[in-house]
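**Q** sharing a model that was predicted from the sequence below.
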Amino acid sequence: MLFNLLKNALYYIARARKGQIYIHLENRENENRLYFKDTGKGIAKEMLSHIFNRFYSKTDGGVGIGLSFCKMAMEWMGGSITCQSVEGEYTEFVLHFPIPKE
């Protein structure tokens, strides 16, 4: 998952010819969150609802399985992945990892 998010961020930063990547972890009471943000070109608002769909890609040569795989893997672990983005400013993915109950 991290490789796919990093690969996507590097691709879009290169296309925008600007940007940085920020990664940080936040511990919550019932989940851990991994934030993965880049300040590349961002994602258009109308595309956000489709990015986790299998075979959806706006990338030249892209297959469209990377983000759908990330979503599937997170759900398999009982977690989730969300995305916020402002076109031209940033994209931020948050991986939500539940803390197992003892």
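**A** Nice, I can see it.

**Q** so Leu6: helix, strand or coil?
**A** Here Leu6 is helix, with the state taken from DSSP: H, G, I helix; E, B strand; the rest coil.

**Q** any weak-confidence spans in the protein?
**A** Counting by pLDDT under 70, the ranges of the chain that qualify are 55-65.

**Q** who does the most centrally placed residue in it bridge with?
**A** Closest to where the C-alpha atoms of the chain average out (CA atoms, centre = their mean) is Phe93, at 3.6 Å. Beta bridges link Phe93 to Phe36, Cys83 when assigned by DSSP bridges.

**Q** contacting residues for it?
**A** Neighbouring residues of Phe93 by CB atoms under 8 Å, 6 or more residues apart in numbering: Leu5, Tyr35, Phe36, Lys37, Cys70, Ile81, Thr82, Cys83. The C-beta positions use only the backbone N, C-alpha and C, and glycine is treated the same way.

**Q** now, of those residues, which are buried?
**A** Leu5, Phe36, Lys37, Cys70, Ile81, Cys83 (16 or more other CB atoms under 10 Å).

**Q** related to what we said a few turns ago, the residue nearest to the centre of the chain and Glu102, how far apart?
**A** Distance, Phe93 to Glu102, by CB to CB, to the nearest Å: 29 Å.

**Q** picking up where we left off before, farthest pair within the buried ones among the contacts of Phe93?
**A** Lys37 and Cys70 (15.1 Å; CB to CB).

**Q** ok, Leu95 - how many residues close by?
**A** For Leu95, the neighbour count with other CB atoms under 10 Å is 22.

**Q** test my guess that it contacts Ile81.
**A** Yes. Between Leu95 and Ile81 there is a contact at 5.3 Å, judged by CB atoms under 8 Å.

**Q** need the overlap of contacts for those two.
**A** Joint contacts of Leu95 and Ile81 (CB under 8 Å, 6+ apart) are Met1, Cys70, Met74.

**Q** export those to CSV and tack on distance to Arg17 and secondary structure?
**A** As requested, the shared contacts of Leu95 and Ile81 are exported to CSV (distance: CB to CB, whole Å; DSSP: H, G, I helix; E, B strand; the rest coil):
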residue, distance to Arg17, secondary structure
Met1, 26, coil
Cys70, 26, helix
Met74, 31, helix
